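Undergrad: Starting from these lines, generate the structure:
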Amino acid sequence: MAKKTSKITKLRRPPLYVPVEKLFFDPENPRLPEEVQGASQSELMGALIKCFNLEELADSMAENGYFDEEPLVAIPKKLPEGFKDVGPTNKKYLDFIEKDTTQFTVVEGNRRVATVKILLDAELGKKFGIRTWPEVNGALAKNLSRLPVIIYSQRNEVIPYLGVRHIIGIQKWDSYARARYISKMIKDGRELSDIQQQIGDRRRSARKIYFCYRLIEEAEEQLDLDTEKAKSYFSYLVLSTGQTPIREFLGMPRGWANVDFGQPVPDDKLENLKYLFSWLFGKGKEKLPVIRESRDITNKLSPILRNQEAIEHLKLTRDLDDAYERSDGEKELLLKNLKKANKSLERSLGLIPQYRIDEVKEEVSRCFETVNAILKLLED
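TA: Sure, this is the predicted structure:
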């Protein structure tokens, strides 16, 4: 049998210790609100304090120092031309890191950097209204003054790591942050298929959430809708576009491989997109969403969109339950449950001769009573 040749050619990157004052927040951080994308360092600090609970991190660091097991990931803000090897064996590169003028953009670990900066500078904390954080000094302050950082030469090199960690991995960003990150890469000229391959996305989750991101953009551009709630409840869109009746309502193709990112919803279905956004997210203060929780999408909205009478009733009244009753959804659920129960009984039939015991007889009696009750209701 022929041996498989590994495709891995890059060297491992041991962390280097970088002074904290050389570490800067990422203005493209996908976890931060869109309004602070590209903002100043001070505005980014304010957003990090507002959006995340940094106090818990501060308490941990004041007690334990910085865990070397959690290095930051950064890229140089201005890498000199001619640097190809940015590894720790390149003396010129190490000298470059130590220069007073060298700065790094932290692409992974912005919360930790913000916490350390405030712990080391109480006046900075006061500027942002922080008064009760623990004080650090002496050996602890020294521990926090230089942080372990894994350094890449440019942002593109970090894509596989961030993708595996935050798009398909165990520490996922929220759905909208992931979609925005993928959109940014595509706008920077990367192909979606390349992104999927790099991050090992076999389930096409990147394709699905990017499509939903494009739905929001189309709702803004073509329908002039306020999409803030759609961004907050982005998972509702992801769940909805996985339902066949909703896909058909929007004029989407059956397979994800055939979706059109240039025009996610055809012109003749744009009005349906407007209705879907209204049902999922409401319309300002005048119209509340008809969906109260995510399971309403699969249990009620999806069956409604199989039935034209139910669709028209929902459009007219915005009464989800009433429209659902007109959709034959309950009838389909009843038939599905009865078929499932019958299959289970048929499978059990072959096992009965082996287990003629009291427990089995009890359960069979219960089944008998239930079936009799159903038959009686049907006769009435």
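
Undergrad: Strands of the protein, residue ranges please.
TA: Per DSSP state E, the chain carries strands over the ranges 16-19, 23-24, 72-76, 104-108, 146-151.

Undergrad: right, so of the ones you listed, which gets closest to residue 257?
TA: Closest approach to residue 257 among these is made by strand 104-108 (30.5 Å; CB to CB). (Glycine included, C-beta is placed from N, CA and C.)

Undergrad: so what does that closest one touch, helix or strand wise?
TA: strand 23-24, strand 72-76, strand 146-151, helix 159-166 (3 or more CB pairs under 8 Å, 6 or more residues apart in numbering; DSSP states H and E).

Undergrad: Can you get me a residue count around residue 221?
TA: 9 (other CB atoms under 10 Å).

Undergrad: Could you give the number of residues near the closest residue to residue 213 other than its chain neighbours?
TA: Nearest residue to residue 213 in three dimensions, chain neighbours excluded: residue 179, at 3.8 Å (CB to CB, 6 or more residues apart in numbering). Using other CB under 10 Å, residue 179 has 27 neighbouring residues.

Undergrad: try residue 304
TA: Other residues close to residue 304 by other CB under 10 Å number 26.

Undergrad: On the pLDDT front, check it for me.
TA: We have a pLDDT of 94 for residue 304.

Undergrad: Residue 83 now?
TA: Reading off the model, residue 83 has pLDDT 69.

Undergrad: Against residue 14, how distant is residue 145?
TA: 20 Å (CB to CB, to the nearest Å).

Undergrad: Mind listing what's buried along stretch 207-227?
TA: Buried residues in stretch 207-227, counted by 16 or more other CB atoms under 10 Å: 207-216, 218-219, 225, 227.

Undergrad: doesn't residue 26 make contact with residue 107?
TA: Yes: using CB atoms under 8 Å, residue 107 makes contact with residue 26 at a distance of 5.2 Å.

Undergrad: wait, what's in contact with the residue nearest to residue 273 when sequence neighbours are not counted?
TA: Nearest residue to residue 273, sequence neighbours excluded (CB to CB, 6+ apart): residue 265, at 4.8 Å. Shown in contact with residue 265 (CB atoms under 8 Å, 6 or more residues apart in numbering): 215, 218, 250, 251, 252, 272, 273.

Undergrad: By neighbours, which of those residues wins?
TA: residue 215 (25 neighbours).

Undergrad: So it is in contact with residue 236, correct?
TA: No: taking contacts as CB under 8 Å, residue 215 lies outside contact range of residue 236: 11.2 Å.

Undergrad: any low-confidence regions in this protein?
TA: 1-12, 82-89, 159-160, 162-173, 198-203, 329-330 (pLDDT under 70).

Undergrad: how is it carved up into domains?
TA: 16-153, 164-260, 350-380 (automatic domain parsing).

Undergrad: OK, contacts around the closest residue to residue 74 other than its chain neighbours?
TA: Nearest residue to residue 74 in three dimensions, chain neighbours excluded: residue 104, at 4.0 Å (CB to CB, 6+ apart). By CB under 8 Å, 6+ apart, the contact set of residue 104 is 18, 22, 23, 24, 74, 75, 76, 77, 149, 151.

Undergrad: same thing with residue 144?
TA: Contact partners of residue 144, counting by CB under 8 Å, 6+ apart, are 20, 61, 65, 66, 116, 119, 120, 136.

Undergrad: just residue 179 next, same as before
TA: Going by CB under 8 Å, 6+ apart, residue 179 touches 209, 210, 212, 213, 234.

Undergrad: What are the boundaries of the helices in the stretch 51-200 of the chain?
TA: 54-64, 91-98, 110-120, 122-127, 138-145, 159-166, 175-187, 192-199 (DSSP state H, counting those that start in this stretch).

Undergrad: quick one: the third one to strand 72-76, angle?
TA: Which is helix 110-120. Helix 110-120 and strand 72-76 meet at an angle of 90 degrees, taking axes from the mean of the first three to the mean of the last three CA atoms, to 10 degrees as the criterion.

Undergrad: that older thread, residue 145 and residue 14 - which one has more neighbours?
TA: residue 145 (15 against 11).

Undergrad: Any figure for the gap between the residue nearest to that one when sequence neighbours are not counted and residue 225?
TA: Nearest residue to residue 145 in three dimensions, chain neighbours excluded: residue 20, at 5.8 Å (CB to CB, 6+ apart). With distances taken as CB to CB, residue 20 is found 43 Å from residue 225.

Undergrad: Residue 242 - nearest residue in space that isn't next to it in sequence?
TA: Using CB to CB, 6+ apart, the closest residue to residue 242 is residue 208 (7.4 Å).

Undergrad: my bad, should have said residue 227
TA: residue 216 (4.9 Å).
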